[in-house]
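> any chance you can model this:
(4 chains)
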2 protein chains.
Amino acid sequence: MAAVPRTTDKDGTPVPQRLLAAATRLFAEQGYDRTSVQEIVEAAGVTKGALYHYFGSKDDLLHEVYARMLRVQQERLDALADADEPVEKRLRAAAADVVVTTIEHLDDAMIFFRSMHHLSPEKNKQVRAERRRYHERFRALIEEGQQAGVFATATPADLVVDYHFGSVHHLSTWYRPDGPLTPQEVADHLADLLLRALRP
Amino acid sequence: MAAVPRTTDKDGTPVPQRLLAAATRLFAEQGYDRTSVQEIVEAAGVTKGALYHYFGSKDDLLHEVYARMLRVQQERLDALADADEPVEKRLRAAAADVVVTTIEHLDDAMIFFRSMHHLSPEKNKQVRAERRRYHERFRALIEEGQQAGVFATATPADLVVDYHFGSVHHLSTWYRPDGPLTPQEVADHLADLLLRALRP
DNA sequence: CCCGACAGACTAACCAGTCGGTATGTGTAA
DNA sequence: TTACACATACCGACTGGTTAGTCTGTCGGG
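Numbering: from 1, shown residues only, chains lettered A, B, ... in the order given. Predicted coordinates for the structure are as follows:
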C-alpha cells in the first residue's frame, strides 16, 4: 500500500523530490531551455521513464518550482501580516522576511524571475494570479499604514510594492553567499530602506 | 564604395539594423532560445545568408543588444553625473533618467535581465565589466552625498545601488505603456523613493 | 496475478551554422 | 568608353547534432 513511494536505492529521498531538486539546480545554473530532460534524469539517478511517470512534461517540473515558492512565501506573508503588532513592525517584518527566504532559496528565485515565459500560457496565468494575491496582501499593509498616517502617501502603494520587490527580484543577480553580508543583514538593510522611504 | 550598405528594397532601413530590430523584438517576446534564426531573418525580410554575412552568430546578435543598451545608459549617466549641480539633484536626475530610458527601451531591458546567461562566457564577462563600470559611477554619486552629509550613511552605498536597480530591472515585468502612469511619472516616483530613503 | 514504478530504445521535429552560387556596382586598364 | 576583374551583399538548400516525449517491456510486492 505504498501510494506514495517511500524511498529508492541511492539515498532515502523519494524519486519525485530527487527529480525536482535536480531540475531546480540545473534550471538555475543553465536556464530552462538549456537543460535537457536527459540531464535532469541523470542528475537524479533515474531515467526518462521515471520522470514521465511522475510529471506530465518538462514544463510541469518548472511549474512545481513556482508552486512551491509561491506557497511558502504566501504562508509566511499571511502569518506576519496577521500578527498583533503595529503596522510599521508588521511591514518591516514582512519586507525583511521575503528577503531572507529569497536568499535561502536563491535557485528558486533565479528561476522564478528568469523563466516565467517558459511556462505554458495557462500555467503562466495561474502563477500570475497567485503572484498578484501576494502583491496585494503586501500592498494592503502599506495602504493600512498610509491611512493610519504612519507612512507617507506621496507614492502610490502599488509602486512602493514594485519598488521593494524589484530589489528582491534583483537579489539573485548579485547576492553571493560568500559575500560580506549575511542574509539577515541584507534583509535588515533593505527593509530599512523601504521604511525610510515611507517616513512621512 | 558602399562600405556601409545604404538601403534595401522593403523600406529605407539597412539590413543589419533591420535584423537587430527583429531580433530584439523576438527575443523580448519569446526569449532567446525560443527564437530561431529562421524566424529572425523572416521577420527582417532576408535570409540566413544575410544574417551570417553581418553577424558571426546568433549570440552576436544578442551581444549587440547589450552593447547598444550599455552604451546609451553609460553616456547618459556620465553626462548627468558630471553636471554642475548639487549632488542630490544629480542623483535624482540620474535615478529618474535611467527609469525613463529603460521604459523607452523595455524590450532591451527585458532581454538584458533575462538573457545574460545565454551570452557566451567571454561576452558575458565583457558585459558584466561594463555593467560594473555603470554601477560604480552610480555608487560614487551616493558616496559623494554620504560624505557631504546630505545622504544617510545607515546603508552601504553598494546596497542602495542594488536596491534602486532592482526596481529598474523589475520595470519590464510590470510596466505597461497603456497603464495609468507615464514613464516620467514612474521615474519621478522611483527617484523620490530613493531620495527619501537616503534622507539623513 | 495484477499494478505501480520504473527502464531505455526510438521517433519525429527542429535548428544553428555552412557553403557553393548569383547579382550588382565600382575601380582600372586598354 | 568599354571590358574585365573583383569585392560586397546576399540567397537557400543542406548537414550534423540535439531534444521532448512515446511506447513497449521488465520487475517486485501485495
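> roughly how far does the residue of chain A found nearest DNA strand C sit from residue A:19?
The minimum distance from chain A to DNA strand C, using Cβ to the nearest atom of the strand, falls at residue A:49 (1.9 Å). No exception for glycine: its C-beta is placed from N, CA and C like everyone else's. The spacing between residue A:49 and residue A:19, counted by Cβ to Cβ, to the nearest Å, is 12 Å.
> on that earlier part again, what helix or strand is the residue of chain A closest to DNA strand C located in?
helix A:48-54 (DSSP states H and E).
> mean confidence score for that helix?
Per-region confidence: helix A:48-54 scores 94 on mean pLDDT.
> same question for stretch A:143-154.
The model assigns stretch A:143-154 a mean pLDDT of 97.
> which residues does residue A:124 contact?
Residues in contact with residue A:124, defined by Cβ atoms under 8 Å, 6 or more residues apart in numbering or on different chains, are A:116, A:117.
> one more pass at 7 Å, please.
residue A:116 (Cβ atoms under 7 Å, 6 or more residues apart in numbering or on different chains).
> give me the pLDDT value at it.
Note for residue A:124: predicted pLDDT of 94.
> quick one on the thing from earlier: kindly export the helix holding residue A:49 (C-alpha atoms) in CSV.
In CSV, the C-alpha atoms belonging to helix A:48-54 read as follows (Å, rounded to 0.1, in the frame of the first residue of the first chain):
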residue,chain,number,x,y,z
LYS,A,48,13.0,9.3,-18.5
GLY,A,49,10.5,6.6,-17.7
ALA,A,50,10.6,7.7,-14.1
LEU,A,51,10.3,11.4,-14.9
TYR,A,52,7.3,11.0,-17.2
HIS,A,53,5.7,8.6,-14.7
TYR,A,54,5.5,11.4,-12.1
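> once you drop chain neighbours, what's closest to the most centrally placed residue in chain A?
Nearest to the mean C-alpha position of chain A, by Cα atoms, centre = their mean, lies residue A:69 at 4.1 Å. Spatially, and ignoring its direct neighbours in sequence, residue A:69 is nearest to residue A:108 (4.7 Å; Cβ to Cβ, 6 or more residues apart in numbering or on different chains).
> same for the helix holding residue A:49, what does it pack against?
Where contact means 3 or more Cβ pairs under 7 Å, 6 or more residues apart in numbering or on different chains; DSSP states H and E, helix A:48-54 is packed against helix A:15-30, helix A:37-44.
> next SSE downstream of it?
For helix A:48-54, the following helix or strand on the C-terminal side (DSSP H and E) is helix A:58-81.
> what lies in contact with that next one?
Residues from elsewhere that reach helix A:58-81, judged by Cβ under 7 Å, 6+ apart: A:20, A:23-24, A:27, A:32, A:37, A:55, A:90, A:93-94, A:97-98, A:101, A:105, A:108, A:111-112, A:115, A:118-120, A:123, A:127, A:130-131, A:133-134, A:137-138, A:141.
> list of residues touching the helix holding residue A:49?
For helix A:48-54, contacts defined as Cβ under 7 Å, 6+ apart pick out A:15, A:16, A:19, A:37, A:40, A:41.
> does DNA strand D sit close to it?
Yes - with Cβ under 7 Å from any atom of the strand as the criterion, DNA strand D is reached by helix A:48-54 at A:48, A:49, A:52.
> rewinding a little: more neighbours: residue A:49 and residue A:19, which one.
More neighbours surround residue A:19 than the other of residue A:49 and residue A:19, with 24 against 8 (other Cβ atoms under 10 Å in any protein chain shown).
> ok, back up a step: okay, the helices and strands packed on helix A:48-54 in CSV with distance to residue A:182 and mean pLDDT next?
Below are those laid out as CSV (distance: least, Cβ to Cβ, whole Å; pLDDT from 0 to 100):
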stretch, distance to residue A:182, mean pLDDT
helix A:15-30, 21, 94
helix A:37-44, 29, 95
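> can you tell me which of those helices is most buried?
Stretch with highest mean neighbour count among those: helix A:15-30 (a mean of 19; mean count of other Cβ atoms under 10 Å in any protein chain shown).
> what angle do that helix and helix A:58-81 make?
Interaxial angle of helix A:15-30 relative to helix A:58-81 (axes from the mean of the first three to the mean of the last three Cα atoms, to 10 degrees): 90 degrees.
> can I assume the residue nearest to residue A:69 is in contact with residue A:23?
No - Residue A:108 is not in contact with residue A:23 according to Cβ atoms under 7 Å; the separation is 11.1 Å.
> angles on the backbone of residue A:178, please.
Backbone torsions for residue A:178, taken as degrees, to the nearest 10, come to phi -90, psi 10.
> number of residues surrounding it?
Using other Cβ under 10 Å, residue A:178 has 4 neighbouring residues.
> can you check the pLDDT for it?
Residue A:178 is assigned 96 on the pLDDT scale.
> where's the residue nearest to the centre of chain A relative to DNA strand D, distance?
21 Å (Cβ to the nearest atom of the strand, to the nearest Å).
> for residue A:85, same thing?
Distance from residue A:85 to DNA strand D, by Cβ to the nearest atom of the strand: 46 Å.
> please apply the same query to residue A:16.
Taking Cβ to the nearest atom of the strand, one finds residue A:16 at 16 Å from DNA strand D.
> contact residues of chain A facing chain B?
With the criterion set to Cβ under 7 Å from any Cβ of the partner chain, chain A comes near chain B through A:31, A:33-34, A:114, A:117-118, A:154-155, A:159-160, A:162-163, A:165-167, A:169-170, A:174, A:189-190, A:192-193, A:196-197, A:199.
> which element is encountered next along the chain beyond the strand or helix carrying residue A:139?
Assigned by DSSP H and E, residue A:139 belongs to helix A:121-147. Tracing the chain past helix A:121-147, the next element assigned as helix or strand by DSSP H and E is helix A:157-174.
> that next one - what's its average pLDDT?
Mean pLDDT, computed over helix A:157-174, is 96.
> tell me the angle of it relative to helix A:121-147?
Using the same axes, to 10 degrees, the direction of helix A:157-174 lies 120 degrees away from that of helix A:121-147.
> isn't residue A:95 right up against residue A:192?
No - Residue A:95 lies out of contact with residue A:192 (Cβ under 7 Å); the separation is 9.0 Å.
> who has more neighbours, those two?
The residue with more neighbours, out of residue A:95 and residue A:192, is residue A:95; 25 against 18, by other Cβ under 10 Å.
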